[in-house]
Every structure is written in structure tokens, then in C-alpha cells.
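Asks: coords below, sequence missing:
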């Protein structure tokens, strides 16, 4: 069986109370949950409160902060936001950066790769309206990307 | 200790759980508090040019903010990283970090600095901590050595000190209306009337200045100070035009300009699941199973850690408006509940302190997910206005600038340690069992970010905010 990280949280193992015969299926459930636990319980880097852009077509800084990833991070951050209209969020994390663009009302998730691992780095988050009018960004959520099989030892 | 792959090809169907496997899983599980240690970040809005909006000075006591930190499991050592600069590059202060439950506190000197930089405050707990923990982050300003200038004090009432310039001009610029200040007023003693009382408080933080226009507007200038001027016994008269005047000095205070606070768990004690060496003994295996299950919940990333309004350490939620925060989940069906908790206060005398508070979850287009929660007629304390020094440790003055309709106030919404106890805790448990309502958020996925909304029928000041996922 190939080594994978399930994308869905496995059910809890059963049949493990005193007196039970311990079956391989219970073992597999334990293994899967152990993998999922390690792969998906990554760090939340920041939960940024609502920001309203200006009408300008130039980026404006919304937040600047410090963060540090887990030693076992794969160096990729996931950035998601909800916007009332077309807008961009640019995230600069250490020496890496990415622009995540949303078209119209809705939400989008993007990534920043090459982020320092287990070292403090500065993050700046900039926003810009794509409509010529102020756009409300209901919040910006930045977290370490969950690991996949290739990331694991 | 690091996570190690356990190859499931080592077992086949119907084969008993091997001691090898149980030992490996136990080792992994016990190491997770350290291997998956938590980080909590509180970032505050900046200006569009990237300058800090949160600024404050404190003199008489440490004042700052309350944060709720998810420390994970068995945390014993932290680093509190404060990302800041100071208004005066030569004038810093002291940063205080205090655990609200135990009262344990550390204090470090933070040098003045023109550029943005970090100071890292180490914090060691007296016992391992798990889950959500409250911390107070405070600031006491250093006082400049040189006199900024002098003012002639006519008298004082409450927190207003009536003054005139010594000479032709005040020793600071005077924009119209309120002018934010971060200075120390040292009231002179001597032969003036009335005489200063023994051991009287003569040093007051100046938070603002207002100049009254027009010849018929005595006093000309008003310094807004904290705490209020002592009156028992009085150290200055209550006259607005008294002569002779007190010739008093102004000094600059170190003012913190805050960008973010990050709390990293450095060390955590291992969990203590027993290793099931003998596969026939089911009890240790069951303990391992239970521990993995609880760890799954405990280490789920939070949905939100902080909310903050421009220029404030906390969040000002106007009646009828929405507080929002966004979140997404990188695994399917992993979320059963959102546990939102915060402290809040009302502050407008014209509004009811019996508040209707709601919490809801929306998809990216604003459609309601699950069922909104309501707290009707929730009794929220109203903060007291500024009072005298003897009561200052139990009095919040944070909202004075807001009440005046002006954000320019030298202490902004910085609170003292005991101020945090004046608010009322609000908890919403959204769900349960709403997992199927959330889509899986991956790279480039559209409309898989959700947001939560909180509304209230009176203006609220919110602090110590957290939304935990389980």
C-alpha cells in the first residue's frame, strides 16, 4: 500500500477496549489518524481582521507582523480571504511573495512558497481594490500548508 | 524527537496489533506537544503606508492589552515576540507579560528604536499549560531626561488641567481640537497656593491637549491627564484662571508603536501515554487511541485569534455593524464546532447595557451556514469613566478618546491589568456537527473560505478574542 495522507479525517479506531480482540482494521485506523494528526495540525500563522481597501489602484499595507513556522513545515503558506468584490492580496513572507487575486464577490485561496522554516520572518500583507472603489475584505487567514506524503519522512 | 513513518505494510488483515507498532505510535503521540507546538499571532492594522496605528504611552502603571493564546498541549516555555518601534528613537520603556490565571509575570526593557524591530520576551510557566490561556501585555514608558517645556497651570478639575504657555507659545504644536500627547506633567511645588500635600502625586500622564479659541474662553489651554488630579487634599485649585500659577514641566514619555505580538511555544512536556508492549493488553492501546483522538481536537488550528479596529488594541463594534473574521479548513469533515470566546464592555451612556449579541457563519457570498446563535438581553458591564488615582487599578479609562469622538488619546484603549476583569465573558458554541457544511480549502480553490459575523445592539469594546475549532 502506498504511503498517503488521507484528505479526510479518518474515523476513530474501535474495538480497543479491555477484553477486545485487536484487529488489523483498528490498527489501520490508528495509523491513519496518526498520519493525519501530524500532517494537518499545522500552525495558524495569522488570522487578520477585516480590512477595507481604498479606492486607489495602488497597494496599501494592511498588516505587518512576525511569525515562525514549525520545523517540519514544508515552507508553504496558504492564504485565503473573502472579498466583497474584485481585489488582490499580496503577501510578502521573508524573501518570498505571492499575489492572490479574487474576481468579483467571493473567496480564493493561494499559496506563498519558499517561506523560511523554523526561523522568525517578517510578513507584510497588502491589499488593493480592483474596482476603483473600496472593497471590504472580511478577513485574511494564513496557515501552514498541510503536509502530503512527499513531505513526510 | 521527530515524527517517524510507521509502515502499515508491517501488518496484514486480522493480524494483532504488534508491540512494535504500538510503541511507535505512542512515541509519536507523546512527542506531539513539542513537534506540533503552537504559534499565535496578533497583528494590528497599519496605515496604508505601513506605519503603526496602535500607539500608546503609560506612566503610572503597566497598561496594554489582553490576548487569548492557544498554547496547545503541556506548554512550558514561550517566546512573546513584540514587533514595534518607538515614536522617539531614544526613548523606550518596559514590556510586561503576565499570565492572567497564575499571575506569573516577566518584564523586559525595550529600547527605543526608529526602525521596526522585535523584542522577544521569554516566559516560563510554573506548570504545563494546555489550551486557551489569557495573557496581559503591558507597557510602561521611560521618561525623557530633558524638559520638553513648561506650562503655567491655573487650576484643575478632574482630569482637566487648565494652563497657559510659559512665554508666548506652548512647547508643543497645537492643531485644532484635541491634540494627542504622550508626555509627563510634573506639577511644581513651592510657595503657590494651596500648598502641595505631603506625598501627593505630582506626576501625571498627559494624554491630550485642547486649546479653546476666543477671548471669552478661559482657560486657554486644557491638558487632559491620567489619573485625575488629586483633591484630597487638593494640590492645585479648581479655578480656571487662578493666579499665581504653577510653573510646571513637561517631559516626553516613550511611546510604543505596535505592529504585532506573536506567541511561540518553545517547549512542551511530552504526553504520558503508556507504551503497549504486549498486544494482548488492550487497555494501553485504548489509552493511546483516546489520546490520539483528543490530540486531534486540541491541536486543530484556530479559526481566529484576534480582532482589532484601526488604531486600537481591541475591537470597537458599533451597534448594528458586523465584526467579521475569515477562515478555511485544509481537511475534509474535520470541524464539528466553533467555540468563540471574548470579553466585552459597553461604553456609551446613551445605549443599553442589556445587549442582543448574535454569532453566525457565512459562505463567501454571504449565505448563512448552519444556524445563527443569539444571546438576547445579555448584561454587559459599562466601563467607568476616569476616576482618581486611588481607584485607578480597578478603573478603565481606555475609552475616553472614543467617547470624545476622537481617536487621538495618548493612552488609546490600553488597559491596566485589573481592567480586564471588568468585562463580561461571552461564549458562543456554534454547531455542533456542522462538518459537512464546509468545503475543503486547497490551493487555488474558489469559494472555500468562510467568514463569521458578530453583531450587537449596543456599541461594544471587545478584547481577549479567540475562535477555537474542534
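Replies: Sure, I can see it. The structure presented is a predicted model; accordingly, all values stated were derived computationally and were not measured.
Asks: longest single strand anywhere in chain B?
Replies: In chain B, taking DSSP state E as the definition, the longest strand is strand B:143-157.
Asks: parallel or antiparallel, which strands does the next helix or strand after that strand pair with?
Replies: Note on strand B:143-157: by DSSP states H and E, the next helix or strand toward the C-terminus is strand B:160-165. Applying DSSP bridges, strand B:160-165 is found paired with strand B:143-157 (antiparallel), strand B:221-226 (antiparallel).
Asks: make CSV out of those strands and add mean pLDDT.
Replies: Shown next, in CSV, are the strands paired with strand B:160-165 (pLDDT from 0 to 100):
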stretch, mean pLDDT
strand B:143-157, 90
strand B:221-226, 85
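Asks: report the contact partners of residue B:316.
Replies: For residue B:316, the residues meeting the contact criterion (CB atoms under 8 Å, 6 or more residues apart in numbering or on different chains) are B:309, B:402, B:459-462. Where you see a C-beta, it was placed from the backbone N, CA and C, and this is true even at glycine.
Asks: among the residues you listed, which are in strands?
Replies: B:460-462.
Asks: need the buried ones from those selected in PyMOL.
Replies: Selection of the buried residues among these in PyMOL, burial being defined by 16 or more other CB atoms under 10 Å in any protein chain shown:
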select buried, chain B and resi 460+461+462
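Asks: quick check, nearest of the ones in strands among the contacts of residue B:316 to residue A:76?
Replies: Closest approach between the ones in strands among the contacts of residue B:316 and residue A:76, by CB to CB: residue B:462, at 32.3 Å.
Asks: my guess is the closest one meets residue B:323, correct?
Replies: Yes - counting by CB atoms under 8 Å, residue B:323 is a contact partner of residue B:462 at 7.0 Å.
Asks: phi, psi of residue A:28?
Replies: phi -60, psi -40 (degrees, to the nearest 10).
Asks: what distance do you get for it to chain B?
Replies: 6 Å (CB to the nearest CB, to the nearest Å).
Asks: likewise residue A:71?
Replies: According to CB to the nearest CB, residue A:71 and chain B sit 8 Å apart.
Asks: any regions of chain A where pLDDT drops low?
Replies: A:1-3, A:15-24, A:153 (pLDDT under 70).
Asks: I meant to write the stretch 151-300 of chain B there.
Replies: Scanning the stretch 151-300 of chain B for pLDDT under 70 picks out B:174-178, B:189-199, B:214-219, B:242, B:244, B:276-284.
Asks: host element of the closest residue to residue A:44 other than its chain neighbours?
Replies: Spatial nearest neighbour of residue A:44, excluding adjacent residues (CB to CB, 6 or more residues apart in numbering or on different chains): residue B:301 at 4.1 Å. Per DSSP H and E: residue B:301 is located in neither a helix nor a strand.
Asks: which ones are touching residue B:301?
Replies: Counting by CB under 8 Å, 6+ apart, residue B:301 touches A:41-44, A:143, B:469.
Asks: what's the answer for residue B:97, then?
Replies: With CB under 8 Å, 6+ apart, residue B:97 has these contacts: B:80, B:105-107, B:121, B:123, B:135-138.
Asks: again, 7 Å this time
Replies: B:80, B:105-106, B:121, B:123, B:135, B:137 (CB atoms under 7 Å, 6 or more residues apart in numbering or on different chains).
Asks: beta-bridge partners for residue B:357, please?
Replies: Here residue B:357, judged by DSSP bridges, has bridge partners residue B:375, residue B:456.
Asks: double-check it against residue B:375; I have them as touching.
Replies: Yes - if you go by CB atoms under 7 Å, residue B:357 and residue B:375 touch, sitting 4.4 Å apart.
Asks: the two: who's more crowded?
Replies: The neighbour count for residue B:357 versus residue B:375, taken as other CB atoms under 10 Å in any protein chain shown, is higher for residue B:357 (22 against 16).
Asks: which bits of the stretch 351-470 of chain B sit near chain A?
Replies: The stretch 351-470 of chain B comes close to chain A at residues B:364-365, B:440-449, B:451, as judged by CB under 7 Å from any CB of the partner chain.
Asks: could those residues go into CSV alongside neighbour count?
Replies: Putting these into CSV (neighbours: other CB atoms under 10 Å in any protein chain shown) gives the following:
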residue, neighbour count
B:364, 24
B:365, 11
B:440, 15
B:441, 23
B:442, 16
B:443, 16
B:444, 10
B:445, 17
B:446, 13
B:447, 17
B:448, 21
B:449, 28
B:451, 27
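Asks: now, which of those sits nearest residue B:44?
Replies: Of all these, residue B:44 sits closest to residue B:451, with 19.5 Å by CB to CB.
Asks: pLDDT of the helix or strand that contains the closest one, averaged?
Replies: Under the criterion of DSSP H and E, residue B:451 resides in strand B:450-456. Averaged across strand B:450-456, pLDDT comes to 97.
Asks: how far out from the middle of the chain is stretch B:32-41?
Replies: Put simply, stretch B:32-41 sits 21 Å off its chain's centre (CA atoms, centre = their mean, to the nearest Å).
Asks: sorry, back to before: tell me which of the ones in strands among the contacts of residue B:316 is nearest to residue B:315?
Replies: Closest approach between the ones in strands among the contacts of residue B:316 and residue B:315, by CB to CB: residue B:462, at 4.3 Å.
Asks: I'd say that closest one and residue B:315 touch.
Replies: Yes - counting by CB under 7 Å, residue B:462 does reach residue B:315; the two are 4.3 Å apart.
Asks: helices along the stretch 201-350 of chain B, start to end?
Replies: Using DSSP state H, counting those that start in this stretch, the helices of the stretch 201-350 of chain B run over B:282-298.
Asks: can I see the domain layout of chain A?
Replies: Chain A breaks down by automatic domain parsing into domains covering A:1-41, A:44-146.
Asks: pick the most buried one from the ones you listed.
Replies: domain A:44-146 (a mean of 21; mean count of other CB atoms under 10 Å in any protein chain shown).
Asks: show the end-to-end separation of it, please.
Replies: Domain A:44-146 has its terminal residues 11 Å apart, counting by CA to CA, to the nearest Å.
Asks: spit out the residues that contact residue B:462 and residue B:323 alike.
Replies: In contact with both residue B:462 and residue B:323: B:307, B:315, B:317, using CB under 7 Å, 6+ apart.
Asks: how far away is the closest residue to residue B:270 other than its chain neighbours from residue A:123?
Replies: Leaving out its chain neighbours, the residue that sits closest to residue B:270 by CB to CB, 6+ apart is residue B:30, at 4.4 Å. Residue B:30 sits 32 Å away from residue A:123, going by CB to CB, to the nearest Å.
Asks: please consider this matter closed, and thank you.
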